[in-house]
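In: Task: produce atomic coordinates for the following.
(4 chains)
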There are 2 protein chains.
Amino acid sequence: MSDATLTISDRIQRKLDDLTRAERQLAHSILENYPASGLGPLSTLARDANVSVPTVARMVQKLGFKGYPEFQAELREELRAKVKNPIAKHDTWADGAPSGHMLNRFTDAVINNIRHTLGQIDPDAFDAACALVADQERRLCIVGGRITHILAEYLFLHVQVIRPNVTHIQSTSNAWPHYLLDTKNSDVFVIFDMRRYENNTLKLAQMAQELGAKIILFTDQWRSPVHQIADISFSGRIVVPSAWDSLGTTLLLVETMISSVQNLNWDDTKARMEELEGMFDQTKLFRKFT
Amino acid sequence: MSDATLTISDRIQRKLDDLTRAERQLAHSILENYPASGLGPLSTLARDANVSVPTVARMVQKLGFKGYPEFQAELREELRAKVKNPIAKHDTWADGAPSGHMLNRFTDAVINNIRHTLGQIDPDAFDAACALVADQERRLCIVGGRITHILAEYLFLHVQVIRPNVTHIQSTSNAWPHYLLDTKNSDVFVIFDMRRYENNTLKLAQMAQELGAKIILFTDQWRSPVHQIADISFSGRIVVPSAWDSLGTTLLLVETMISSVQNLNWDDTKARMEELEGMFDQTKLFRKFT
DNA sequence: TCGTCTATGATAAATTTTTCACAATTCTGT
DNA sequence: ACAGAATTGTGAAAAATTTATCATAGACGA
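Out: Here you go, the predicted model:
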C-alpha cells in the first residue's frame, strides 16, 4: 500500500519502532484522541504530550511531511474523506455503467443531498409540522410555485385522502387571493418555494401570516424569503449535475410527512381509503387484475 | 438549550437568518464538509467560500466566539467528543432522531429502493431512451395517471425548455383521444404507470403503439401491463413504510433523464433557457435578489 | 573516566495567521 | 434618484505559530 492510501494513524503506528522515547510519547498522545489533537496548534500538542515543541516538528518530518501545516492538511483531508465515506462506499450504482455515467453521477448527488438534508433536520420541528398537518380542526392550504406545484399537488392528493378540508393553491395562478378570503387564524399553510423564489408566493405567505395562519415551508438550502415568516421550515439540498435543481430530497420529506400524518390519523384514514376504493371501483379507473 | 450543548453546526444554522449574504455563503461552505473545513486556517476557509478574510472573522464573532482560534478550539472539542462516543452515528440519517423515527425509516427505505433499482437498470436502454426524448424530429407525448401525472408534468416542464413539440397528456382526463389524432410513427410516448395501473393508460398506450409510436415506460417493480408493448421500460422500486408508494426512485430516473437530454441538446437548450429567462424577467414572476 | 554521539529542549528568527482600521461598494427606504 | 446605512473587501499592524540554530543532558563504548 502506498503512502497515499494510508491514514496518518497507520503511518504513525508503522513508524512507532523507529521513534525515540519523546517521540513515542508524542505519538501515543496523538493517537489518544485522534484526529482532534493533531488539528490544534503544534505548541498545544507539545504541551499535552509533555514534549518540547521541536520534538513535534521533528517527528512530523520523520513521518514524511514537509512541515506541521502539511501534516495538518492531510489530517483534515482524511477527516473530510471519512465523513463522506458512507456514501462513497457504493462506487457505482448502476452496474455496467461507467462511474462517470450520468446515472451514477446523478444518483451520487441525490444521495449526498439526502444525507446532508437529513443531517440538518430537527426531528421535533418535523413532528410538530406533521401534527399541524394532521390536525383536522384546522383548514389546510397547500401552495406551490411554477415547478414546485407538482410537490404541492402530490402532497395534496395524499392528504386529501387522509383528512377533509384541504386545498391546493398555485401561487402562479391569479386565483389565489380568493382562497385567502376565508382564512382563519387556525389555518395551516404548507408552502413550497425553491430557487427562483416567486414574488407571488411571498405575498401570499405574508397575507396568510397576517391573517394568523401557521406557515410550514419547504425550501432549498438557500432558503426562500418566506423563511423569515414561516413557523416551521425545512430546507433541502437540491444540487445535482444538471442545469436544473433536484426535487428528490424535498419529495422524500414530503413522502415522509405523508406517512407520518397518515399514522397520526390512522383510524380516519383507513375508513376514508376504503370509501375511496369503493368509489374508484365504480369509475372503472383502475384495472382489477394485473 | 444552552450554547454548551449545541454543536457549532447547530449554532450556525440557528443564526443563519441573522447573517448577511457573504456570511451565509461562508456558512454553507463550512457546513458543506463539516467539520474539516473549519479546522484549517482562516484564510483557506475564506478562499474556499469566495469571501474575504475579515468576513470570516466577523462571522465567527457573530457566532459568539472571541476569535477564530477559539472557534477552532470548540470545533476540535466537538470532534473529540464525537469520536469518543461509541454510538454508531451512521446508523441514522437524521441525527438526534431515534433510529425508529419515521425520518430514518423512510430514508432507509428510499435509499434501498434507489440501490435496488439502479442495480437493475440497463444503461444502454437508458441512453437509448434519452436519445429518443432528445430527438427534436419526433413529437413527444408525456402521459401520466392519477398520481403519476405529477411526474409527467415535471418531465414536461423541463423538456419543454429543452426542445419544442412536447405535449403533456393526463390519461385520467377524457381529452386524450384528441392527441392521438395526429400521431405519426415517428412519435415518442413517455408513459408513467404505477400501481393501481390505469385502464385508460393502457388503452392509450395500445393505440399509440398501433399508430407506430415508440413507447418509453416508467413503472414500478411489478410492472404495468403497458410493459408488454413498450419499446423501453424502467421499473423502479417503490416500497416504503407507508400506506402509499414512493415516487422517489422514479423521480430520480426522470431527473437523470432530464439532465442527459439537456446535455444531448445543449446548444439549443442554452439558447432556449436564455430566451425563457428574458420572458420571465418581463413577467416579474421571480424575485431578482435574495 | 573520558569522549563522542544522539536525543532533547530553550531560545531566537522567520513565517504564517489573525486582527484591526478604513475605504469602497452595495443595499434600502424615502 | 438620492442620501444614509449596512455590508464587504483591501492593506497594514499585531499576534500567533512554526521553523531553525544552538547548547545541554544523558547513554554507550573504549
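
In: rest of the way, CA atoms for contacts and neighbours
Out: Noted.

In: For A:Glu274, which residues are in contact?
Out: A:Glu274 makes contact with no residue, according to Cα atoms under 8 Å, 6 or more residues apart in numbering or on different chains.

In: Quick check, pLDDT for it.
Out: Turning to A:Glu274, the model gives it a pLDDT of 81.

In: For my notes, confirm A:Phe218 occurs in a strand.
Out: Yes. A:Phe218: assigned to a strand according to DSSP: H, G, I helix; E, B strand; the rest coil.

In: Give the burial count for it, as a bare number.
Out: As a burial measure, A:Phe218 scores 29 neighbours (other Cα atoms under 10 Å in any protein chain shown).

In: for it, which residues make a bridge with it?
Out: Beta-bridge pairing for A:Phe218 (DSSP bridges): A:Phe192, A:Phe234.

In: what does chain A put close to DNA strand C?
Out: A:Thr20, A:Arg21, A:Ala22, A:Glu23, A:Asn50, A:Val51, A:Ser52, A:Val53, A:Pro54, A:Thr55, A:Pro69 (Cα under 7 Å from any atom of the strand).

In: any chance of the residues you listed in TSV, plus secondary structure, distance to A:Tyr179 and pLDDT?
Out: Shown next, in TSV, are those (DSSP: H, G, I helix; E, B strand; the rest coil; distance: Cα to Cα, whole Å; pLDDT from 0 to 100):
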residue	secondary structure	distance to A:Tyr179	pLDDT
A:Thr20	coil	78	90
A:Arg21	helix	78	89
A:Ala22	helix	75	91
A:Glu23	helix	73	92
A:Asn50	coil	71	91
A:Val51	coil	72	93
A:Ser52	coil	73	92
A:Val53	helix	71	93
A:Pro54	helix	73	93
A:Thr55	helix	73	94
A:Pro69	helix	61	93
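
In: Of these, which is the most crowded?
Out: Neighbour counts for the residues of chain A next to DNA strand C (other Cα under 10 Å) peak at A:Glu23, which has 20 neighbours.

In: just the residues of chain A next to DNA strand C now: which is nearest chain B?
Out: Distance to chain B across those (Cα to the nearest Cα) is lowest for A:Pro69, with 9.2 Å.

In: Can you tell me how far the closest one is from A:Trp93?
Out: As defined by Cα to Cα, to the nearest Å, A:Pro69 lies at a distance of 37 Å from A:Trp93.

In: circling back to that earlier point, could you dump the residues of chain A next to DNA strand C into CSV and include distance to A:Phe218?
Out: Below are the residues of chain A next to DNA strand C laid out as CSV (distance: Cα to Cα, whole Å):
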residue, distance to A:Phe218
A:Thr20, 58
A:Arg21, 58
A:Ala22, 56
A:Glu23, 54
A:Asn50, 52
A:Val51, 53
A:Ser52, 54
A:Val53, 52
A:Pro54, 54
A:Thr55, 54
A:Pro69, 42
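
In: Would you mind measuring from the spatially most central residue of chain A to A:Ala22?
Out: In chain A, the centroid-proximal residue (Cα atoms, centre = their mean) is A:Thr117; its distance is 0.8 Å. As judged by Cα to Cα, A:Thr117 and A:Ala22 stand 45 Å apart.

In: Over to A:Asn33?
Out: The gap separating A:Asn33 from A:Ala22 is 18 Å, by Cα to Cα.

In: same deal with A:Phe192?
Out: Remark: distance between A:Phe192 and A:Ala22 (Cα to Cα) = 60 Å.

In: For the stretch 51-200 of chain A, what lies in contact range of chain B?
Out: Residues of the stretch 51-200 of chain A lying close to chain B (Cα under 8 Å from any Cα of the partner chain) are A:72-73, A:76-77, A:79-80, A:83, A:86, A:93-97, A:102-103, A:106-107, A:110-111, A:115, A:118-123, A:147, A:150-151, A:153-154, A:157, A:172, A:196-200.

In: Am I right that A:Ser186 sits in a helix?
Out: No. According to three-state DSSP, A:Ser186 belongs to no helix; its state is coil.

In: ok now do A:Ala213, which residues does it touch?
Out: Counting by Cα under 8 Å, 6+ apart, A:Ala213 makes contact with A:Thr183, A:Lys184, A:Asn185, A:Ser186, A:Asp187, A:Val188, A:Phe189.

In: could these go into CSV alongside distance to DNA strand D?
Out: Shown next, in CSV, are the contacts of A:Ala213 (distance: Cα to the nearest atom of the strand, whole Å):
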residue, distance to DNA strand D
A:Thr183, 34
A:Lys184, 34
A:Asn185, 32
A:Ser186, 34
A:Asp187, 33
A:Val188, 31
A:Phe189, 29
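
In: tally of neighbours for A:Asn200?
Out: Per other Cα under 10 Å, the neighbour tally for A:Asn200 reads 20.

In: Report the backbone C-alpha coordinates of the helix or strand encompassing it in PDB.
Out: A:Asn200 belongs to helix A:199-210 when assigned by DSSP states H and E. Taking Å, rounded to 0.1, in the frame of the first residue of the first chain, the C-alpha atoms of helix A:199-210 are listed here in PDB:
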ATOM      1  CA  ASN A 199     -43.000  37.100  -5.700                       C
ATOM      2  CA  ASN A 200     -46.500  35.800  -5.500                       C
ATOM      3  CA  THR A 201     -45.600  33.100  -3.100                       C
ATOM      4  CA  LEU A 202     -44.000  35.600  -0.800                       C
ATOM      5  CA  LYS A 203     -47.000  37.900  -0.900                       C
ATOM      6  CA  LEU A 204     -49.400  35.000  -0.300                       C
ATOM      7  CA  ALA A 205     -47.300  33.900   2.600                       C
ATOM      8  CA  GLN A 206     -47.300  37.400   4.100                       C
ATOM      9  CA  MET A 207     -51.000  37.800   3.800                       C
ATOM     10  CA  ALA A 208     -51.600  34.400   5.300                       C
ATOM     11  CA  GLN A 209     -49.400  35.200   8.200                       C
ATOM     12  CA  GLU A 210     -51.100  38.500   8.800                       C
END
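
In: That helix - what's its average pLDDT?
Out: Across helix A:199-210, the average pLDDT comes to 88.

In: what residues does that helix touch?
Out: Residues from elsewhere that reach helix A:199-210, judged by Cα under 8 Å, 6+ apart: A:143-145, A:171-172, A:176-177, A:180, A:183, A:189, A:191, A:193, A:215, A:225-226, A:229, B:284-287.

In: Would you mind listing the buried residues in it?
Out: A:Asn199, A:Asn200, A:Thr201, A:Leu202, A:Leu204, A:Ala205, A:Gln206, A:Ala208, A:Gln209 (16 or more other Cα atoms under 10 Å in any protein chain shown).
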